[in-house]
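Chemist: Whatever this is, show me its structure:
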Amino acid sequence: MSKCKLLPVNQKQNVQWSLACENLPCNIEITFTDEINDHCELLYKHDSININKQALFGEFKTQLSGFVSIIIYNQQQQRSRTIWYRLKRRNLSIYLLFDGIFNMFYQRVYPQQTIVKDNEASQLVDEVFKVTDRYCESFFLVFLLLPAQSDKHFAFNEL
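Modeler: Below you'll find the model as predicted:
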């Protein structure tokens, strides 16, 4: 007998998961499946693990929305178990903007290559800085063009 719990995850998030169980050992599998490509990534799998005096936890970052699935296999069927889980989802911080743009450029320019020469890396970093500079200039221009009114407040979300 197995139980499965699906938990939604939005795009561009840092996800922390934790899990605890009663005294009996559990067979546990935790995966993340993105909605766009339907790609399933195994985050954790272990058979007959005792987590009664400790908790399992893990963390991952995703650019795509999808679902975290927690699957508990109850092979012994001696008695039902209580499983406690927590999924903390936070939007990725703005400091990851450069890293994300760099990875996007790197994968586009060097899809198969893993070693990049110094001058190629320097050119790639220059391109990424140009894009982030344009983005920041646009963001601040919009901010400066907003009318300053004392009775209205504008909130900007992190990317």
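
Chemist: any idea which helix or strand carries residue 44?
Modeler: Using DSSP states H and E, the element containing residue 44 is strand 40-49.

Chemist: so what strands line up beside that strand?
Modeler: strand 26-34 (antiparallel) (DSSP bridges).

Chemist: And the strand holding residue 44, what's buried?
Modeler: Neighbour-count burial for strand 40-49, counted by 16 or more other C-beta atoms under 10 Å, picks out 43, 49. Quick note: C-beta positions are derived from backbone N, CA and C, even for glycine.

Chemist: Three-state assignment for residue 38, please.
Modeler: coil (DSSP: H, G, I helix; E, B strand; the rest coil).

Chemist: Report all helices and strands that the helix ranked longest in the chain contacts.
Modeler: Longest helix of the chain, by residue count under DSSP state H: helix 118-145. In terms of contacts (3 or more C-beta pairs under 8 Å, 6 or more residues apart in numbering; DSSP states H and E), helix 118-145 is packed against helix 96-109.

Chemist: which residues make contact with the helix it packs on from outside it?
Modeler: Defining contact as C-beta atoms under 8 Å, 6 or more residues apart in numbering, one finds that helix 96-109 is touched by 61, 63, 92, 116, 124, 125, 127, 128, 131, 132, 135, 159.

Chemist: Report the buried members of the residues you listed.
Modeler: 92, 124, 128.

Chemist: Okay, now the unreliable bits of the chain?
Modeler: Along the chain, the parts satisfying pLDDT under 70 run over 1-2, 22-24, 51-54, 74-81, 93-97, 113-114, 138-159.

Chemist: Alpha carbons of stretch 25-34, as PDB, please.
Modeler: Extracted as PDB, the C-alpha positions of stretch 25-34 are listed here (Å, rounded to 0.1, in the frame of the first residue of the first chain):
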ATOM      1  CA  PRO A  25      10.300   2.400   9.400                       C
ATOM      2  CA  CYS A  26       9.100   3.900   6.100                       C
ATOM      3  CA  ASN A  27       9.900   3.500   2.400                       C
ATOM      4  CA  ILE A  28      10.100   7.100   1.100                       C
ATOM      5  CA  GLU A  29      10.400   8.700  -2.300                       C
ATOM      6  CA  ILE A  30      10.300  12.400  -3.000                       C
ATOM      7  CA  THR A  31      10.300  13.800  -6.500                       C
ATOM      8  CA  PHE A  32       9.800  17.100  -8.400                       C
ATOM      9  CA  THR A  33       8.000  17.100 -11.700                       C
ATOM     10  CA  ASP A  34       8.000  20.300 -13.800                       C
END
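
Chemist: Please consider this matter closed, and thank you.
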